[in-house]
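Visitor: pasting the structure only:
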């Protein structure tokens, strides 16, 4: 089915956001870049592993630990992903990568992009594009390939000047930055935060393909095309962390919610998803964090399929509130209450990673 194209600016992910995605560790996979030797990097055991916690015997518990929630979210998400075709997809992902990135990075990006598109192939209808390199290279590819561009000739909605840690996605194009790893003692070492940034931006173009109606910016609550910022950026964070874990590339990535001044954000603020619906704060990172935890909570309670179903339903014409309730069997208002109570309790239990 042909889908109209949206001109949406999604996830201007800066160094702050990338750095916040800490604490991962890489493990090998036959489909990933070979793991560097022990002389190059020490490989730690994974902290998070798919398992059903008794705490989630019923959906929407309010007294759980973060690890119980993540492990259960992984368990239910992997169950769903195991049902996906995982075969060559008619929808293609075209990669445009600067040669200076080197063969190891290029292989990792191409393989990860292809496998992620295969996982969600049933939801896709148009070819997607991934660009890796500096922002001048982005502009060059956009012009060369006739891809949609903003008024500055790029895709980020502003003229990016200092691009070392920046990435963004717009329309059907994801710019994943300049690197996904580094060279240590002569060996290529994937950086978990950078790999997660790659899959984060990839999921933005995936959900934009599912739901292409919103305009250049994320519409506000008064618009029938309203999509909460916690939903949009939380989706990027959650699927961006779930997919590399599922592909056995690295552990699930978590981080602590600090603002741009290095101060930890207040519990009551992070627990209030209503305040995370629009970008009103100078901090910006709270939408990513609260959105990530909200996605973990939903996936641990009822699985991964409802999260994708929300995007399908808004594309079919439902409002966000209607789509959310149909997909999850809980109203947005009641979910916000459950989430706030659960999230407040995280700080009293095993919160610090």
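Guide: That came in fine, so what should we check first? The shown structure was predicted, so the numbers you read here are calculated from the model rather than taken from an experiment. Residues are numbered from 1 along each chain as shown.
Visitor: any idea how far residue 180 lies from residue 233?
Guide: 20 Å (CB to CB, to the nearest Å). In this view, the C-beta of every residue, glycine as well, is placed from N, C-alpha and C.
Visitor: Now do residue 135: how many residues are near it, please.
Guide: A count of nearby residues for residue 135, using other CB atoms under 10 Å, gives 24.
Visitor: mind listing the helices for the stretch 101-250 of the chain?
Guide: 102-119, 135-145, 192-210, 229-246 (DSSP state H, counting those that start in this stretch).
Visitor: Reformat those as CSV; add mean pLDDT and distance to residue 159.
Guide: Compiled in CSV, the helices of the stretch 101-250 of the chain are given as follows (pLDDT from 0 to 100; distance: least, CB to CB, whole Å):
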stretch, mean pLDDT, distance to residue 159
helix 102-119, 96, 25
helix 135-145, 97, 9
helix 192-210, 96, 19
helix 229-246, 96, 22
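Visitor: so can I have TSV of the ones you listed showing distance to residue 289?
Guide: Converted to TSV, the helices of the stretch 101-250 of the chain look like this (distance: least, CB to CB, whole Å):
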stretch	distance to residue 289
helix 102-119	23
helix 135-145	26
helix 192-210	13
helix 229-246	8
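Visitor: Nearest to residue 328, out of those?
Guide: helix 229-246 (11.9 Å; CB to CB).
Visitor: after that closest one, next one along is what?
Guide: Later in the chain than helix 229-246, the nearest helix or strand by DSSP states H and E is helix 267-270.
Visitor: buried sites along that next one?
Guide: Within helix 267-270, the residues that qualify as buried by neighbour count (16 or more other CB atoms under 10 Å) are 267, 270.
Visitor: which residues touch it?
Guide: 257, 275, 286, 289-290, 293, 343-344, 347 (CB atoms under 8 Å, 6 or more residues apart in numbering).
Visitor: and those residues, which two are the farthest apart?
Guide: Spatial extent of these (CB to CB) is set by the pair 275 and 347 at 17.0 Å.
Visitor: Any buried residues in stretch 134-146, and which?
Guide: Under 16+ other CB under 10 Å, the buried positions of stretch 134-146 are 134-135, 137-142.
Visitor: Equivalent analysis for stretch 158-167, please.
Guide: Residues 160, 163, 165-167 are the ones in stretch 158-167 that count as buried (16+ other CB under 10 Å).
Visitor: Most widely separated two among those residues?
Guide: 160 and 165 (10.8 Å).
Visitor: so where's the stretch 1-150 of the chain shaky on pLDDT?
Guide: Judged against pLDDT under 70, the low-scoring parts of the stretch 1-150 of the chain cover residues 1-43.
Visitor: All the strands of it, residue numbers only.
Guide: Ranges of strands within the stretch 1-150 of the chain are 9-13, 93-97, 128-132, based on DSSP state E, counting those that start in this stretch.
Visitor: quick one: contacts of stretch 105-117?
Guide: 31-33, 86, 89, 91-93, 95, 97, 101, 124, 128, 130, 132, 176, 179-181, 188, 190, 195, 198-199, 202-203, 206, 243-244, 247, 249.
Visitor: Please repeat the previous calculation with a cut-off of 6 Å.
Guide: Here stretch 105-117 makes contact (CB atoms under 6 Å, 6 or more residues apart in numbering) with 31, 33, 89, 93, 95, 97, 130, 132, 180-181, 202, 243, 247.
Visitor: likewise stretch 75-83?
Guide: 50-52, 242, 246, 299, 303-305.
Visitor: how about a cut-off of 7 Å?
Guide: 50-52, 119, 242, 246, 299-300, 303-305 (CB atoms under 7 Å, 6 or more residues apart in numbering).
Visitor: Which positions within that stretch qualify as buried?
Guide: Those would be 75-77, 80-81, for stretch 75-83 by 16+ other CB under 10 Å.
Visitor: TSV for those, including distance to residue 267?
Guide: Supplementary listing: these in TSV, determined by distance: CB to CB, whole Å:
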residue	distance to residue 267
75	27
76	26
77	26
80	31
81	32
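Visitor: Not counting sequence-adjacent ones, nearest residue to the spatially most central residue of the chain?
Guide: Centroid-nearest residue in the chain, with CA atoms, centre = their mean: residue 236, separated by 2.0 Å. Distances taken as CB to CB, 6 or more residues apart in numbering place residue 200 nearest to residue 236, at 4.1 Å, with adjacent residues excluded.
Visitor: can you check residue 277 too?
Guide: Distance criterion CB to CB, 6+ apart; nearest residue to residue 277, sequence neighbours excluded, is residue 228 at 4.2 Å.
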